[in-house]
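**Student:** Sharing a model that was predicted from the sequence below.
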Amino acid sequence: MLTKQTPPTFNKTNKFTSGFQNIVDAYGIGNYREINPAPYTIITFPFLFAVMFGDMGHGLLMTCIALYLVIRESRLLSQKSDNEVPDDANVTDLEKSSSCHWRSPERSSSCYCRSPEKSSSYY
């Protein structure tokens, strides 16, 4: 007897594989004679879930740190800072302490660097 109807798809599952088969079926049920992707899902899904869970944990940790910094902002700003660059440094102070300048007075396109021992040396 010949018919034009497509035969139903049956995927044999057990207690362990039924959860993964439900995940695959959520995307769509395969046609007759197609390979069931559930066995591959059983292998890869736990690894992808671990990556997602790790990203979620990292995001939660970063959010907690950011929240702590926002809440304690005024207290942290009022503490004495021993940074290399003071807060009241301006551009001219930074320019004076710079060691390399891109334009020399004599040559407009060359770079010269000055050291404390010498006034200038050309490259």
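**Tutor:** Here it is on my side, so go on.
**Student:** where does the chain dip in pLDDT?
**Tutor:** Where the chain drops to pLDDT under 70, the residues are 81, 83-123.
**Student:** Now do the helix or strand residue 48 falls within: which elements does it pack against?
**Tutor:** Here residue 48 sits within helix 38-71, counting by DSSP states H and E. For helix 38-71, the packing partners by 3 or more C-beta pairs under 8 Å, 6 or more residues apart in numbering; DSSP states H and E come out as helix 17-27. Glycine gets a C-beta too; all of them are placed from N, C-alpha and C.
**Student:** Tell me which residues are up against the helix it packs on.
**Tutor:** With C-beta atoms under 8 Å, 6 or more residues apart in numbering as the test, helix 17-27 has contacts from 11, 13, 36, 37, 38, 39, 41, 42, 45.
**Student:** Isn't the fourth one up against residue 30?
**Tutor:** Yes. Proximity of residue 37 to residue 30 meets the contact threshold set by C-beta atoms under 8 Å, at 7.5 Å.
**Student:** what about residue 25, how many neighbours?
**Tutor:** Using other C-beta atoms under 10 Å, residue 25 has 14 neighbouring residues.
**Student:** again, but for the one 4 residues further on
**Tutor:** Around residue 29 sit 13 other residues, with neighbours defined as other C-beta under 10 Å.
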